[in-house]
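Chemist: Structure for the following, please:
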Amino acid sequence: MPAEQDSKTNILFIMYDQLRFDYLSCAGHPHLETPNFDRVAKRGVRFSNAYVQSPICGASRMCFYTGRYTSSHGAQWNGFPLRVGEQTLGDHLRRQDMSCWLIGKTHMKADADGMARLGLSPDSQIGARQAECGFDPWTRDDGLWGYGPDGFYDEKRSPYNEYLKSKGYPSENPWADFANAGVDEAGDIASGWMFANADKPANIREEDSETPWLTRETINFIEQAEDGWCAHVSFIKPHWPYIVPAPYHDMYGPNHVPAPVRHDAERDDPHPVFGAYMGNKIAQAFQQDEVRQKVIPAYMGLIKQCDDQLGVLLDYLDDSGRLDKTMIVLTSDHGDYLGDHWLGEKDLFHEPSVKVPLIISDPRPEANVSRGTVCDALVESIDLAPTFVEVAGGKVPDHILEGRSLLPWLRGEVPDWRDYAISEFDYSPTPQCVKLGLEPRDARLFMVFDGRYKLIHAEGGFRPMLFDLQTDPEEFHDLAKTGDHQPQIDQMYDYLAQWGRRLAQRVTKSEDDIKAMRGRSLRRGILPFMVDGSEVPAELTEKYKGPAPGNYLKDDTSSGS
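Modeler: As a prediction, the model looks like this:
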C-alpha cells in the first residue's frame with residue numbers, strides 16, 4: 001500500500017496499567033471472560049511472548065515511547081526525567097505527517113534542568129512536547145491522587161478530579177474520597193489503600209469511575225480528529241488501589257482465586273536480591289491468603305470493566321466506520337505478582353511481572369493472512385515504535401530505534417529475528433538497595449531470556465540466577481545455585497555481552513547518512529595522503545596541477561611590436 005494511503009491509517013495504542021498477560025480469556029484464564037480483548041485477538045495477532053524492557057512503570061513506559069532500552073534513554077525509575085533530546089514516538093510519527101496524542105497516563109517526568117539549560121519554555125510547543133514525552137496531550141492524568149502528610153498532592157491538577165467535581169462529588173479530592181474508597185458498616189470512608197476494603201464497592205457511580213471516563217475522553221478525541229492519527233490511550237487500571245465500583249466488585253469471589261504459584265524451594269537460600277524483595281511490605285501482604293482472596297477478585301473486576309469499556313470503544317469505531325482503518329494495539333506496561341513467587345507488585349523478572357499481553361489488529365489487507373493467530377516469537381516492548389513508523393509510511397531509523405518492526409509477523413512472514421529478549425531493573429531508590437548495603441550504581445539487574453533459559457545478572461558482586469522454563473515453567477528452581485549449568489550460564493552471559501556492545505548512542509547519523517558521507521571531502525577538493533595524485537580520478541587533481549609547461553601567459557610585448 002502506498003505511503004500516502006498508509007499515512008491515513010490510524011493507530012489506537014491502548015495500554016492498561018499492571019495487567020497480567022494471563023488474565024485474559026484468550027490467554028487461557030479459567031474464570032475471567034474478556035470477550036472484547038478476544039475480539040481484537042480474532043481480528044489480529046496475539047503475541048504470547050512479549051516482554052517489557054523494565055518491570056517498573058516509568059522506566060517501562062519510556063521504553064515504549066522511545067523505542068529504546070532503559071540504559072539507552074536513562075530514565076530507569078519512576079520520577080527519573082527523560083532527558084531533553086531523546087526522540088519519542090511523537091517525533092518519529094510527526095515526520096511522517098501522523099499526529100501523536102496522549103489520552104490518560106504516561107508517568108513522564110520532564111527534564112526541567114535540561115529544558116532550562118536550553119531555554120525551552122514549557123509554554124512553547126517544543127517545550128510542552130518535551131514535558132509530555134513527545135505527545136500532544138488531549139488529557140493527561142497519571143492517577144494516584146493521594147493525601148500525604150503535607151496535604152492533598154495535586155501538582156498538575158487532575159482532569160479526572162475536576163470531572164468528578166463537575167459531577168457533584170463533594171470533596172477537594174474526590175478521587176481519594178469516592179473513586180478510591182468504599183463505605184464501611186459505620187458509614188465511614190473505607191479507603192482503597194487498605195487491602196481489607198478491596199471487596200467493597202467503590203463509592204462512585206460506575207459511569208463516573210476512571211475507566212469509563214477515559215473511554216469517553218477517547219471517543220471525544222476521535223470524534224474531532226482527522227484520519228492519520230496515533231492516539232495513546234493509557235488506562236489507569238487495573239493498577240492498585242484494588243477497588244472497583246458495583247457491579248464489578250462482586251462478580252468474582254474467593255472461589256475464582258487460583259492457588260499462588262510459589263514453592264518452598266524459592267525460600268531456600270534465595271538469591272540476596274530475591275530474598276530482599278520477598279521480605280518487603282507488599283510481598284508480606286500478598287503472602288497472606290486473606291489478602292489474595294480479597295484483592296484478586298477486585299483485580300479481576302477491574303479487568304472486566306476494562307474489557308467492557310474496550311467493547312464500547314470497538315463498537316464506536318465500528319459504528320462510525322473507523323474500525324477498518326484503525327490499527328488497534330492492546331498491551332500493558334508490566335504485570336502483577338499477586339502473591340506468586342512470594343511477591344506482590346512487579347519489579348523482578350518472573351513471568352507474571354515482566355511478560356505482558358500484546359495484541360495487534362492491523363486492518364489492512366496484507367494482514368488478512370494472520371488474523372486470529374498466535375505468534376510465539378520473542379517480542380520486546382520497544383518493537384512497537386518501529387512498527388508504528390512503518391504503519392505511518394516511514395523508514396525505521398534503526399540508528400535510534402532499538403526495536404524491530406512487527407509488521408512482517410502481521411503479514412504472515414517469518415523474518416530473521418532476535419535470539420533473546422532483554423529487560424533491566426534499576427532498584428537504586430528502593431529500601432531493598434539499602435537493605436543489601438549497595439551503592440546506587442550497583443543496584444541494577446539484567447534479564448536475558450532466549451525462550452528457554454532465563455538468566456538474571458545482578459551487579460554488586462552477587463551470583464546470577466538461572467531458570468530453565470522448559471523443564472521448570474513456573475520458575476521455582478534457581479539452577480545457578482547448583483553449579484551444574486555453567487555452559488548455559490556462559491551462553492547467556494555471551495548474549496548479555498553481545499547486547500552490551502550494541503551501538504546505542506550514535507543517534508545523530510544514520511547508516512545511510514554515513515555511507516553518503518564517504519568521499520565527500522574529495523568532492524570539496526581536500527586530497528591528503530597521496531604520493532603523486534594517481535590514487536584518485538584525474539578530475540580531482542586537475543585544479544592543483546596548474547597550467548601545463550609552455551602554456552604560461554606570454555609577455556604582452558611579444559604580440560604588438
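Chemist: can we go C-alpha only for contacts and neighbour counts from here?
Modeler: OK.
Chemist: number of nearby residues for Q505?
Modeler: Using other CA atoms under 10 Å, Q505 is surrounded by 10 other residues.
Chemist: and it, what pLDDT?
Modeler: You'll see Q505 listed with a pLDDT of 91.
Chemist: Test my guess that it contacts S72.
Modeler: Yes - shown here, Q505 and S72 form a contact pair, counting by CA atoms under 8 Å, at 7.1 Å.
Chemist: what about the longest strand in this protein?
Modeler: In the chain, with assignment by DSSP state E, the single longest strand is strand 229-238.
Chemist: hmm, who's touching that one?
Modeler: 8-19, 98-106, 142-143, 210-211, 214, 218, 299, 302-303, 306 (CA atoms under 8 Å, 6 or more residues apart in numbering).
Chemist: Inside strands: which ones of the residues you listed?
Modeler: 10-17, 99-104.
Chemist: Kindly reformat those as CSV and extend each row with pLDDT.
Modeler: Shown next, in CSV, are these (pLDDT from 0 to 100):
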residue, pLDDT
N10, 98
I11, 98
L12, 98
F13, 98
I14, 98
M15, 98
Y16, 98
D17, 98
S99, 97
C100, 97
W101, 98
L102, 97
I103, 98
G104, 97
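Chemist: Need the max-distance pair from those.
Modeler: Of all pairs drawn from these, the greatest distance, 23.5 Å, lies between D17 and S99 (CA to CA).
Chemist: Give me the neighbour count for L503.
Modeler: Neighbours of L503 (other CA under 10 Å): 12.
Chemist: Is it located within a helix, as I assumed?
Modeler: No - L503: not assigned to a helix; according to DSSP: H, G, I helix; E, B strand; the rest coil it is coil.
Chemist: Excluding chain neighbours, what is closest to it?
Modeler: H399 (7.7 Å; CA to CA, 6 or more residues apart in numbering).
Chemist: same deal with E390?
Modeler: Closest to E390 by CA to CA, 6+ apart is V396, at 6.6 Å.
Chemist: For the one you found, report the pLDDT, please.
Modeler: Listed pLDDT for V396 reads 97.
Chemist: any idea how far stretch 472-485 is from the chain center?
Modeler: Distance of stretch 472-485 from the chain centroid (CA atoms, centre = their mean, to the nearest Å) equals 29 Å.
Chemist: Quick one: mean pLDDT for that stretch?
Modeler: 96.
Chemist: Same question for stretch 369-383.
Modeler: When pLDDT is averaged along stretch 369-383, the result is 98.
Chemist: in it, what counts as buried?
Modeler: Neighbour counts over stretch 369-383 (16 or more other CA atoms under 10 Å) mark 370-375, 377-383 as buried.
Chemist: Take those and lay them out in JSON lines including secondary structure.
Modeler: JSON lines is the format used below for the buried residues of stretch 369-383 (three-state DSSP):
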{"residue": "S370", "secondary structure": "helix"}
{"residue": "R371", "secondary structure": "coil"}
{"residue": "G372", "secondary structure": "coil"}
{"residue": "T373", "secondary structure": "strand"}
{"residue": "V374", "secondary structure": "strand"}
{"residue": "C375", "secondary structure": "strand"}
{"residue": "A377", "secondary structure": "coil"}
{"residue": "L378", "secondary structure": "coil"}
{"residue": "V379", "secondary structure": "strand"}
{"residue": "E380", "secondary structure": "strand"}
{"residue": "S381", "secondary structure": "helix"}
{"residue": "I382", "secondary structure": "helix"}
{"residue": "D383", "secondary structure": "helix"}
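Chemist: mind giving me JSON lines with these and columns for distance to P149?
Modeler: Putting the buried residues of stretch 369-383 into JSON lines (distance: CA to CA, whole Å) gives the following:
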{"residue": "S370", "distance to P149": "53"}
{"residue": "R371", "distance to P149": "52"}
{"residue": "G372", "distance to P149": "51"}
{"residue": "T373", "distance to P149": "51"}
{"residue": "V374", "distance to P149": "49"}
{"residue": "C375", "distance to P149": "48"}
{"residue": "A377", "distance to P149": "48"}
{"residue": "L378", "distance to P149": "45"}
{"residue": "V379", "distance to P149": "43"}
{"residue": "E380", "distance to P149": "40"}
{"residue": "S381", "distance to P149": "37"}
{"residue": "I382", "distance to P149": "38"}
{"residue": "D383", "distance to P149": "41"}
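Chemist: Which one of these is nearest to N173?
Modeler: Of the buried residues of stretch 369-383, the one sitting nearest to N173 (CA to CA) turns out to be S381, at 34.2 Å.
Chemist: need the contact list for the closest one.
Modeler: S381 neighbours (CA under 8 Å, 6+ apart): A50, Y51, V52, Q53, C63, F64, G67, G403.
Chemist: So what does the residue lying closest to the fourth one once chain neighbours are set aside have for phi and psi?
Modeler: Nearest-residue entry for Q53: S423, 4.1 Å, with adjacent residues in sequence omitted and distances by CA to CA, 6+ apart. As for S423, its main-chain torsions (degrees, to the nearest 10) stand at phi -140, psi 150.
Chemist: Confirm for me that S423 is in contact with K454.
Modeler: No - the pair S423 / K454 is not scored as a contact, 10.8 Å apart, by CA under 8 Å.
Chemist: Mutual contacts of these two, please.
Modeler: Residues touching both S423 and K454 (CA under 8 Å, 6+ apart) are M447, V448.
Chemist: Does T331 lie in a helix or a strand, and which?
Modeler: Using DSSP states H and E, T331 falls within strand 326-332.
Chemist: So what touches that strand?
Modeler: 9-20, 37, 40, 356-363.
Chemist: of the residues you listed, buried ones?
Modeler: When these are checked against 16+ other CA under 10 Å, the ones flagged as buried are 9-20, 37, 40, 356-363.
Chemist: what's near enough to touch R364?
Modeler: Here R364 is in contact with D324, K325 (criterion: CA under 8 Å, 6+ apart).
Chemist: So it versus V374, what's the distance?
Modeler: Note on R364: its distance to V374, by CA to CA, to the nearest Å, is 18 Å.
Chemist: before we move on, what about V507?
Modeler: For V507 relative to V374 (CA to CA), the value is 34 Å.
Chemist: What residues of the longest helix seen in the chain count as buried?
Modeler: Identified as the longest helix of the chain according to DSSP state H is helix 289-319. Neighbour counts over helix 289-319 (16+ other CA under 10 Å) mark 291-314, 316-317 as buried.
Chemist: Is it correct that M15 is in contact with D333?
Modeler: Yes - between M15 and D333 a contact is recorded at 7.0 Å, counting by CA under 8 Å.
Chemist: ok, back up a step: right, and the pair among the contacts of S381 with maximum separation?
Modeler: Between all members of those, the farthest pair (by CA to CA) comes out as A50 and G67, at 14.4 Å.
Chemist: Between these two, which has more neighbouring residues?
Modeler: Applying other CA under 10 Å to A50 and G67 shows that G67 carries more neighbours, namely 29 against 24.
Chemist: for the more buried one, what are its contacts?
Modeler: T88, L89, S381, I382, D383, L384, A385, P386, I400, L401, E402, G403.
Chemist: try N368
Modeler: By CA under 8 Å, 6+ apart, the contact set of N368 is R411.
Chemist: at 10 Å what do you get?
Modeler: N368 makes contact with R43, G44, S361, D362, L410, R411, G412, according to CA atoms under 10 Å, 6 or more residues apart in numbering.
Chemist: For these, which ChimeraX command selects only the ones that are buried?
Modeler: The buried subset of the contacts of N368, as determined by 16+ other CA under 10 Å, is captured in ChimeraX by this line:
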select :43,44,361,362,410,411,412
